[in-house]
Structure formats: structure tokens, C-alpha cells
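Chemist: quick one: sequence and predicted model below, then my questions.
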Amino acid sequence: MTESVRRRTTESERERPNADEDERELRCPECGGRLATDTEHGETVCTDCGLVVEEDSVDRGPEWRAFDAAEKDQKSRVGAPTTQMMHDKGLSTNIGWQDKDAYGRSLSSRQREKMQRLRTWNERFRTRDSKERNLKQALGEIDRMASALGLPENVRETASVIYRRALSEDLLPGRSIEGVATSALYAAARQAGTPRSLDEIASVSRVEKDEIARTYRYVVRELNLEIQPADPEQYVPRFASDLDLSDEAERRARRLLKGAKEAGIHSGKSPVGLAAAAVYAAALLTNEKVTQSEVSDVASISEVTIRNRYHELLEAEERAGLA
């Protein structure tokens with residue numbers, strides 16, 4: 001027997017106990033029957049006697065199903081998640097501006113020049129045509145304005161989708177990029193139930209209030225967006241938080257607005273003005289010190305409007321009490 005044959009024989013004998021051990025593990029400890037894995041219930045059971053040998057096993061595979069290679073690639077979530085807030089959906093590379101290597105050491109002058117050239121070419125490849133440059137500028141504006149207004153990420157995503165639809169349906173000719181981006185953000189905030197007034201939107205935008213309103217109506221009409229009229233109650237939590245009012249004052253303001261809706265005095269009135277007046281009235285009724293000037297600054301509405309709506313709310317509540 002040659003040396004190579006003896007070596008193979010020894011290796012096969014060494015592997016045989018492991019194989020026998022694996023075989024024993026696949027047998028039922030009660031009857032010795034064959035074990036099978038039930039992936040639907042996460043159990044390992046005996047096919048002969050039905051004994052549950054193992055339960056609550058973890059399925060480490062994907063929760064989705066794919067029937068071809070294209071669908072598998074589309075549903076796979078390996079890597080960074082895509083986002084609508086970037087013109088390339090976050091799929092391209094990005095070279096940082098810190099002139100340091102992986103160990104935090106500063107680069108030499110020649111390496112810095114090389115990295116600068118790479119950044120320049122990388123930016124050129126990321127925005128290869130006018131449409132992508134347009135999208136990059138608009139989404140940057142949406143992110144800037146949303147940050148200034150304190151809007152959450154879901155509103156930014158929705159605004160980015162609305163702008164992408166406007167761009168794909170050729171709604172931009174004759175209108176500024178900033179105007180369409182601002183109207184998309186205004187519409188997204190209202191859809192998400194976190195509305196901002198036109199004055200607040202205009203204060204962080206680069207376009208005038210009239211252009212925002214005009215572009216907003218055009219975009220909503222052309223894209224068939226379903227946007228409900230603004231509810232004054234949606235403004236109350238933000239106003240109460242900015243004024244540092246108690247929960248009791250916020251609840252009282254909501255009751256005042258509900259009474260105004262039942263009396264029908266909210267029709268044709270600015271929801272921001274009604275919300276500001278309700279917050280001011282609720283603060284007075286709960287003995288919390290808030291001035292009309294403070295409410296005016298928070299709500300970006302005049303003190304005259306607050307006073308007018310304030311008297312109307314109290315009259316509606318008085319009529320409801322008499323009734």
C-alpha cells in the first residue's frame with residue numbers, strides 16, 4: 001500500500017465518526033425516526049412519531065419571495081438603503097472632503113491634489129445631464145428648508161417624490177426650481193399631517209409667497225394630489241410646545257376648536273389664525289401667562305387676527321353652553 005493510499009484511508013476513517021455523529025443528530029431521540037424541519041412553524045419534528053425536537057428556530061433567510069433573478073435583485077436589501085432625498089437615490093459613491101487617510105493621518109500635498117481631481121470627476125459623473133443637476137439642486141433646497149422648519153424625514157421623502165413626479169411629467173418649464181421645490185415641501189407637510197403656514201414656508205424659501213401659492217395650486221392640480229384642507233387642531237401641539245404650555249391648556253384649545261367646528265365659524269377662516277387664537281384663549285382660561293405678541297411670533301400671524309378669532313371662539317363656546 002502506497003503512502004498516498006494510506007493517507008486517504010486514515011483521513012476517511014477520521015471523518016467517519018463525524019458523519020456518524022451527524023447521522024445520530026438527525027434521528028429522533030424517542031423512536032429513532034427521521035427528523036424534518038418545518039420552516040412555516042419554526043420547528044424540527046419527527047416524521048414517524050411527531051415528537052417536536054426543537055421549536056422557535058430562527059429563519060435567517062429573507063422574508064420576501066422572488067421568482068426570477070430580476071425580482072431577486074430588485075427586492076434584495078444588501079447595502080445602504082436607497083433614499084428619494086438624493087438625486088442618485090444614494091447608490092453612487094461619495095468622496096469625503098477630509099484630507100485624511102483611513103488612520104486619520106493628513107495627506108501629503110500631492111495626495112491632496114490627486115483626491116481633489118478625483119472629487120471633481122466623481123461629481124461630474126454623478127450628475128451627467130441637466131435633469132440630474134436640476135434634481136440635485138431641488139432636493140438640496142428641500143432638505144435645507146425642511147431642516148429650517150423642523151420637518152421629519154418622512155416629509156422630506158414625500159416632497160422628493162412629488163418633485164420627481166413634477167420633473168418627469170415636464171411641469172417645470174416656465175417655473176423656477178426653487179418654486180416647485182417649495183410647493184412640493186408645502187404639499188408634503190400637509191399630506192403628512194404636520195402642516196406649515198405659507199408665511200412659514202416663505203420665510204425659509206428663496207421665492208415669494210405669491211409664487212409659492214401659484215405653483216402649489218398648479219402642481220396639486222396637474223399631479224392630482226389628494227390633500228385635505230388644513231385642520232386647525234394640527235397646529236395646536238406645535239404652538240403649545242413653542243409657548244411651553246401645559247397639557248391641560250392644549251386640551252382646552254382642542255375643545256375650543258371642536259366647538260368652533262360644530263358652530264360652523266371655522267369656514268372661510270385661516271386655520272393658523274384659529275389655532276393661534278384657541279391656544280391664546282386656552283392659556284388665559286387655564287391661568288397661564290401668555291401674551292398676544294408671543295402667540296403672534298410663534299404662529300407668524302398678526303395680533304389683530306388673534307383678537308378677532310379669540311372673541312369668535314369664546315362666543316361660540318358661550319352659545320354652546322347656553323344651548
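Modeler: Nice, thanks for sending it over. Numbering: from 1, shown residues only.

Chemist: where exactly do the strands run in the stretch 51-200 of the chain?
Modeler: 52-54 (DSSP state E, counting those that start in this stretch).

Chemist: below-threshold pLDDT in it: ranges please.
Modeler: For the stretch 51-200 of the chain, applying pLDDT under 70 flags the ranges 79-80.

Chemist: mind doing that once more with 90?
Modeler: Scanning the stretch 51-200 of the chain for pLDDT under 90 picks out 51-107, 118-136, 174, 193-195, 197, 199.

Chemist: what ranges does the stretch 201-323 of the chain have for its helices?
Modeler: 209-223, 236-242, 247-263, 271-285, 292-299, 303-322 (DSSP state H, counting those that start in this stretch).

Chemist: tell me the angle of the fifth one relative to helix 303-322?
Modeler: The one in question is helix 292-299. Per axes from the mean of the first three to the mean of the last three Cα atoms, to 10 degrees, the angle that helix 292-299 makes with helix 303-322 is 100 degrees.

Chemist: re earlier: so which of the helices of the stretch 201-323 of the chain is the most packed in?
Modeler: Sort the helices of the stretch 201-323 of the chain by mean neighbour count, taking mean count of other Cβ atoms under 10 Å, and helix 271-285 sits at the top with a mean of 25. From N, CA and C alone the C-beta is placed, and that goes for glycine too.

Chemist: got the CA positions of it in PDB?
Modeler: Output in PDB follows, covering the C-alpha atoms of helix 271-285 (Å, rounded to 0.1, in the frame of the first residue of the first chain):
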ATOM      1  CA  PRO A 271     -56.700  77.600  10.200                       C
ATOM      2  CA  VAL A 272     -53.500  79.100  11.600                       C
ATOM      3  CA  GLY A 273     -55.400  82.100  13.000                       C
ATOM      4  CA  LEU A 274     -58.000  79.900  14.600                       C
ATOM      5  CA  ALA A 275     -55.300  77.600  16.100                       C
ATOM      6  CA  ALA A 276     -53.400  80.600  17.500                       C
ATOM      7  CA  ALA A 277     -56.500  82.200  18.900                       C
ATOM      8  CA  ALA A 278     -57.500  78.900  20.500                       C
ATOM      9  CA  VAL A 279     -54.100  78.500  22.100                       C
ATOM     10  CA  TYR A 280     -54.200  82.100  23.400                       C
ATOM     11  CA  ALA A 281     -57.700  81.600  24.800                       C
ATOM     12  CA  ALA A 282     -56.900  78.300  26.400                       C
ATOM     13  CA  ALA A 283     -53.800  79.800  28.100                       C
ATOM     14  CA  LEU A 284     -56.000  82.500  29.700                       C
ATOM     15  CA  LEU A 285     -58.700  80.000  30.800                       C
END
